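Engineer: Here is my input, please return the structure:
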Amino acid sequence: MEMKRQGRKSPVAAMSLSLLCSIHFQAILLLFVVLLHVKTLAVFGDSTGTTSYAGGNETDHQALLAFKSKITLDPRNILSSWNDSNHFCQWEGVTCGRKHRRVTILDLRSRDLVGSLSPYIGNLSFLRQIVLANNTIGDKIPDEVGRLYRLRALMLYNNSFDGEIPANLSHCSNLNFISVARNNLSGSIPKQLASLSMLKSLSFDTNNLMGGIPPFIGNLSSLQLISAADNVLGGHIPDALGQLQSLKYLGLGGNKLSGRNFFIGLLPSEVGNLVHLVELDLSENNLSSKIPSSLGSCTSLEYLYMEGNFFQGAVPIYLSSLRGIQVMDLSRNNLSSQIPNFLEKLSLKNLNLSFNDFEGEVPTKGVFSNSSAISLIGNSRLCGGISELKFPRCLTKEEKKARWPLAVKVAISMACVIPVVTIMSFFLFCRHKNQRKDNSSESSLRQSLLKVSYQGLLKATDGFSPANLIGVGSFGSVYKGILGEDESIVAVKVINIQRQGASKSFISECEALKNIRHRNLVKIITSCSSVDFHGNDFKALVFEFMPNGSLENWLHMDLETNTRQVDIQNLNLVQRISIAIDVAYALDYLHHRCPMPIVHCDLKPSNILFDCDMIAHIGDFGLAKFLLELTNPKQSDSIGIRGTIGYTPPEYGVGCDVSTKGDVYSYGILLLEMITGKRPTNCVFEGGLNLHNYASMALPNRVIEISDPKLLNNCGDTNRTEECLISMVKIGVSCSMELPQERWDIIKALSELYLVRDILHGARI
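Structural biologist: Numbers count the residues shown, from 1 in each chain. Model prediction:
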């Protein structure tokens, strides 16, 4: 019975069970509806409450929060919307795909954000564009960016990123645009980028990249823009660039204050293959030889910048094919011959041919009819042109013929006078035992440089008046003079023949200066090797006048005699860095880039001269030495220890040969003097203490204490200033090490100075 009772169910029990089952089913159904609603909210967002995410959406959410956590300053509260009251697809700067609701674009350009870039950005696996330009985001570009295989645009320009360009960007095979310009990146251009076959734009200008332009870039056939200006790049421009048929912009230039590329050699003729090129910038490099005629094949060219190089010869007639050219800058080269007439037929809006060696008549049509659209200064042999240019009138054919008999008479007279003067000079010179030299070399040099007379220099300097005396050196005195029909202001260096070694110094300086030309070297105009009115030997060099004096005057001004210039003659830190770069730039040319390497041997503040724009020029090559001469075992040095006490490297005192490392030592001492304001011969340096040790012992915590007080006036950012001073002292100490093999090369010093200058970028003192 019990078993049967248990096996049956009463109607009440059955009804209860049925009701329970019904309630249970409804509860399950309600729970399903609630869960479905919650999931819907998670996908589409809820503006009234918090949101939750699932799967990849949560990955993106967390990656964005990690990005936000690395932003240390958000002055415009841009990221205030980045909270859970909104779905992350609604956050400012974030764009998501319609279907999958994953982040595809992160665009926070020009938001004044400060901080670093989180490595979790590599988890935004659907990201196609990263646009963080014009902020102050720093530290390294995380390697995790290389995981974003869908990425098409990486725009990080104008930030504070440092370190190297990540090599694993090569994994982002869909990249079309890379711009990391105007940062503090270093290292070289990664060779791994060769795999980015879809790349259209590659911009890394204004960084500290070294090495050269790798040839593999010529294989990136989709490239339309390459911008590599203002780095520390060097070497030759690869021929492979000529393979980039789609290229429209090629920028490899720089400028004196910020740029520092050192591309050398020839401009490859393959550049003519770039038929779609619109702008070509090769300015401020060390390119030489002739402008390739193939450049005329770049018929789409509108902007051509080739200033500040060593191009020579005539402007090729093939450039007449550049019918769409608007701006052409060929200034500060060694171009010569006449200005070609085809230039007046081009559609030029601006033409700069200044500081070359052009001659003849200036055209008057086209761009030449507008004086504000052209610049021709620094070409002393030009004539004619529109009146606003103020060139002398060109002689007519009849006037030239009329002048010919006079020229013949002068030539005959000179032919008679020169041998007499040569013989007199020879016998007079032989009377001075300490001034003997190679007579044949002297004679040939005299004839090649005899371009101005003693009488002309006497008149130019008002009888070598003490009122025109602007400097006294080891082997002579320097006078200010007014020379020629155009009354050019010049500097006349009169050699003191009575001084032992002076004649040899004259020969050395002539030989050195006639073989070199650089924007940071004092330019020689002419020379004089003759006799004065008493029959005494007379030698002089005529230089471009430097109106702002020497670094010696600016660093160590006599306050009692120059009180009117106390406020003016105070070089701030930006100026001193610029001067240091100018001098290093010139030394790099002398040591590595001129036709025959030259050691200056007497680098010191009094030999650093300033033009009207305060650009530094190295002068006084009286002790200069060609490096090839050092290979001659018969060569001896009669001058003795080369240089000036305090600036001469210690190895010269024990008879070692001169070398570029000697100039680097002098440069290091010069740099330390610029920072401390103390000469190496200052009375405080005694008992084994010298300027090098004095500066070295102050590193790194006491540099401010030893710095020239004038440097610390009107400083905007004291921390940045101190960082710069520490770096400059380190450079000076590294260049002035006692052992030559421990000193830096001038190229390394130059690259480090550019880093120092970049520290001050945006904080002018």
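
Engineer: wait, residue 726 sits on residue 703?
Structural biologist: Yes. Counting by CB atoms under 8 Å, residue 726 touches residue 703, with 4.9 Å between them. C-beta here means a position set from N, CA and C on the backbone, and glycine is covered the same way.

Engineer: domain ranges for the protein?
Structural biologist: Using automatic domain parsing, the domain parsing of the chain gives 47-209, 237-392, 395-545, 548-765.

Engineer: wait, residue 375 sits on residue 358?
Structural biologist: No. If you go by CB under 8 Å, residue 375 and residue 358 don't touch, sitting 11.9 Å apart.

Engineer: Could you check which of the two is surrounded by more residues?
Structural biologist: residue 358 (23 against 17; other CB atoms under 10 Å).

Engineer: Can you list the helices and strands that the helix or strand hosting that one packs against?
Structural biologist: Secondary structure assigned from DSSP states H and E places residue 358 in strand 357-362. In terms of contacts (3 or more CB pairs under 8 Å, 6 or more residues apart in numbering; DSSP states H and E), strand 357-362 is packed against strand 334-338, strand 381-384.

Engineer: Swap in 6 Å and give it another go.
Structural biologist: strand 381-384 (3 or more CB pairs under 6 Å, 6 or more residues apart in numbering; DSSP states H and E).

Engineer: The strand it packs on pairs with which strands, parallel or anti?
Structural biologist: strand 357-362 (parallel) (DSSP bridges).

Engineer: now the next helix-or-strand element following the strand it pairs with, how far from the centre of its chain.
Structural biologist: Where DSSP H and E defines the elements, the next helix or strand beyond strand 357-362 is strand 374-375. Distance of strand 374-375 from its chain centroid, counting by CA atoms, centre = their mean, to the nearest Å, is 24 Å.

Engineer: just stretch 745-754 next, same as before
Structural biologist: With CA atoms, centre = their mean, you get 11 Å for stretch 745-754.

Engineer: Could you do stretch 490-500 as well?
Structural biologist: Distance, centroid of stretch 490-500 to centroid of chain: 36 Å (CA atoms, centre = their mean).

Engineer: Just the C-alphas of it, formatted as CSV.
Structural biologist: Extracted in CSV, the C-alpha atoms of stretch 490-500 (Å, rounded to 0.1, in the frame of the first residue of the first chain):
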residue,chain,number,x,y,z
VAL,A,490,87.9,94.5,-46.8
ALA,A,491,90.3,93.2,-44.2
VAL,A,492,94.0,93.6,-45.1
LYS,A,493,96.5,91.3,-43.3
VAL,A,494,100.0,92.7,-43.7
ILE,A,495,102.7,90.1,-43.0
ASN,A,496,105.5,91.1,-40.7
ILE,A,497,108.4,89.9,-42.9
GLN,A,498,110.9,90.4,-40.0
ARG,A,499,109.2,87.8,-37.9
GLN,A,500,110.7,84.3,-38.2
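
Engineer: So what sits opposite the closest residue to residue 381 other than its chain neighbours in the bridge?
Structural biologist: In space, and not counting its chain neighbours, residue 381 is closest to residue 359: 3.8 Å by CB to CB, 6 or more residues apart in numbering. Assessed by DSSP bridges, residue 359 has beta-bridge partners residue 338, residue 381.

Engineer: tell me the pLDDT at residue 359?
Structural biologist: pLDDT recorded at residue 359 is 93.

Engineer: repeat for residue 10
Structural biologist: 38.

Engineer: now swap in residue 708 and tell me
Structural biologist: For residue 708, the predicted pLDDT is 90.

Engineer: again with residue 322
Structural biologist: Value for residue 322, per-residue pLDDT: 95.

Engineer: so who does it touch?
Structural biologist: residue 301 (CB atoms under 6 Å, 6 or more residues apart in numbering).

Engineer: Bridged to residue 541, which residues?
Structural biologist: Here residue 541, judged by DSSP bridges, has bridge partners residue 493, residue 527.

Engineer: Residue 476 against residue 497, yeah?
Structural biologist: No. Residue 476 is not in contact with residue 497 according to CB atoms under 6 Å; the separation is 8.9 Å.

Engineer: ok, these two, which is more surrounded?
Structural biologist: Just comparing residue 476 and residue 497: by other CB under 10 Å the higher neighbour count belongs to residue 476, 24 against 18.

Engineer: Look up the closest residue to the more buried one, ignoring the ones flanking it.
Structural biologist: Per CB to CB, 6+ apart, closest to residue 476 is residue 495, 4.4 Å.

Engineer: close enough to count as contact, the one you found and residue 502?
Structural biologist: Yes. Counting by CB under 6 Å, residue 502 is a contact partner of residue 495 at 5.2 Å.

Engineer: Name the residues contacting each of these two.
Structural biologist: Common neighbours of residue 495 and residue 502 (CB under 6 Å, 6+ apart) are residue 475.

Engineer: ok, these two, which is more surrounded?
Structural biologist: Ranked by neighbour count (other CB under 10 Å), residue 495 and residue 502 place residue 495 first, with 24 against 21.

Engineer: Show me what the host helix or strand of residue 665 is packed against.
Structural biologist: Using DSSP H and E, residue 665 maps to helix 660-676. On a contact count with 3+ CB pairs under 6 Å, 6+ apart, helix 660-676 meets helix 573-588, helix 718-735.

Engineer: The closest residue to residue 57 other than its chain neighbours: how many residues sit nearby?
Structural biologist: Using CB to CB, 6+ apart and skipping the chain neighbours, the partner closest in space to residue 57 is residue 101 (6.0 Å). Using other CB under 10 Å, residue 101 has 20 neighbouring residues.

Engineer: Check the gap between residue 101 and residue 585 for me.
Structural biologist: With distances taken as CB to CB, to the nearest Å, residue 101 is found 55 Å from residue 585.
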